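**Student:** sequence and predicted structure, then a few things I'm wondering about:
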Amino acid sequence: MENSRQPEVDGMCDEKPIHLNGISRETFELFLEFMFGRYVDILCFHIDELSKFLRFCNMYQCSHAREFVISRISSTRYRFHPAKLINLAIKYHVRSIFPYAFQQLAETPITELTHAHRELMGNEVFLNVIYVQAVLDSHHRIVAVEEPKILMHSNECQDPTGCNEDWHAIWWNGMGRFLLDGRNPQLYDDAVKRFKELQFGHVSEGCKDLMFKILHQGAAFKHAQQFLSETCSFLVEKLVFEPEPPSS
């Protein structure tokens, strides 16, 4: 009779737990809570724990749990360092969070990116961040010193020559200073808002209104944003693969 007893297997009792290599108890409990309909507050979990959860979902092809975690990470992405989001996007094939993370890295001073951040994002992403920052910085300087020209003055403008001269001077002392401020450089839209508050000398109100319509269109910075988007798309296609569908 003793020989006919059912052999004990993993998960049959507390003394014979299920062993999942590389998966923590907390990750497995989080999975059980999600699968059995309990409330799961993803916000209280560290990015490393969420990363392990995604690994678990990939290992056992739990697509619904995976989609849930990705949606929660996306909705609270501001809580995590972009280098960690890049690492997660590449490691677990999550395309949706890569563009946001890369944009944040492009706006992060290179001196604030540590060796650990570089290890997380990988050499290729890190080198592209440096390259993008260099190009955007050069574009900032060009915009700062080359104001958009007043090609046609308004009917109320009584002094086109003085209007042009003052527009040039105010641009350099306003937009140029805001964009190139070594201690507190302004983003383009913020610089435009501050620029509007300045005194414009001989620039007529009509010419001023015309030029601000051009500035608000953001034409000067569309090329920079397009370059950033194209670089990001290139990296996504190269580094972030679509997850394989579950086998039937």
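**Tutor:** Received it, and whenever you're ready, just let me know what you need. Numbers count the residues shown, from 1 in each chain.
**Student:** what's near enough to touch residue 240?
**Tutor:** The neighbourhood of residue 240, defined by Cβ atoms under 8 Å, 6 or more residues apart in numbering, consists of 89, 90, 93, 94, 95, 98. The C-beta positions use only the backbone N, C-alpha and C, and glycine is treated the same way.
**Student:** number of residues surrounding the first one?
**Tutor:** Meaning residue 89. Residue 89: 27 surrounding residues under other Cβ atoms under 10 Å.
**Student:** which residues does it contact?
**Tutor:** With contact taken as Cβ under 8 Å, 6+ apart, residue 89 is in contact with 95, 97, 98, 101, 240.
**Student:** state the distance from the nearest residue to the first one once chain neighbours are set aside to residue 67.
**Tutor:** Distance criterion Cβ to Cβ, 6 or more residues apart in numbering; nearest residue to residue 95, sequence neighbours excluded, is residue 240 at 5.1 Å. In this structure, residue 240 and residue 67 are 16 Å apart, going by Cβ to Cβ, to the nearest Å.
**Student:** returning to what we had before: among the contacts of residue 240, which ones are buried?
**Tutor:** 89, 90, 93, 94, 98 (16 or more other Cβ atoms under 10 Å).
**Student:** now flag whichever of those residues is closest to residue 186.
**Tutor:** Proximity of those to residue 186 (Cβ to Cβ) peaks at residue 98, which lies at 26.8 Å.
**Student:** SS state for that closest one?
**Tutor:** helix (DSSP: H, G, I helix; E, B strand; the rest coil).
**Student:** if you drop the residues flanking it in sequence, what lies closest to it?
**Tutor:** Closest to residue 98 by Cβ to Cβ, 6+ apart is residue 89, at 4.3 Å.
**Student:** can you check residue 96 too?
**Tutor:** The shortest distance from residue 96 to any non-neighbouring residue, by Cβ to Cβ, 6+ apart, is to residue 74 (5.9 Å).
**Student:** packing partners of the helix or strand where the one you found lies?
**Tutor:** Element membership for residue 74 (DSSP states H and E) is helix 63-75. Counting contacts by 3 or more Cβ pairs under 8 Å, 6 or more residues apart in numbering; DSSP states H and E, helix 63-75 is packed against helix 25-35, helix 47-59.
**Student:** pull out the buried positions in the longest one.
**Tutor:** Just to be clear, that refers to helix 47-59. For helix 47-59, a neighbour-count test (16+ other Cβ under 10 Å) marks 50, 51, 52, 53, 54, 56, 57, 58 as buried.
**Student:** so where is the chain shaky, pLDDT-wise?
**Tutor:** Scanning the chain for pLDDT under 70 picks out 1-27, 29-35, 37-45, 242-248.
**Student:** grab the longest helix from this protein for me.
**Tutor:** Longest helix in the chain by number of residues, with DSSP state H as the criterion: helix 123-145.
**Student:** quick one on the thing from earlier: what about the residue nearest to residue 96, neighbour count?
**Tutor:** 13.
**Student:** so it touches residue 95, yeah?
**Tutor:** No: in this structure residue 74 lies outside contact range of residue 95 using Cβ atoms under 8 Å: 10.9 Å.
**Student:** please enumerate the helices of the protein.
**Tutor:** Using DSSP H, helices in the chain cover 25-35, 47-59, 63-75, 82-91, 98-106, 115-121, 123-145, 160-171, 177-180, 188-196, 205-217, 219-239.
**Student:** what's the closest of the ones you listed to residue 154?
**Tutor:** Minimum separation from residue 154 across the helices of the chain (Cβ to Cβ) falls at helix 205-217, 2.6 Å.
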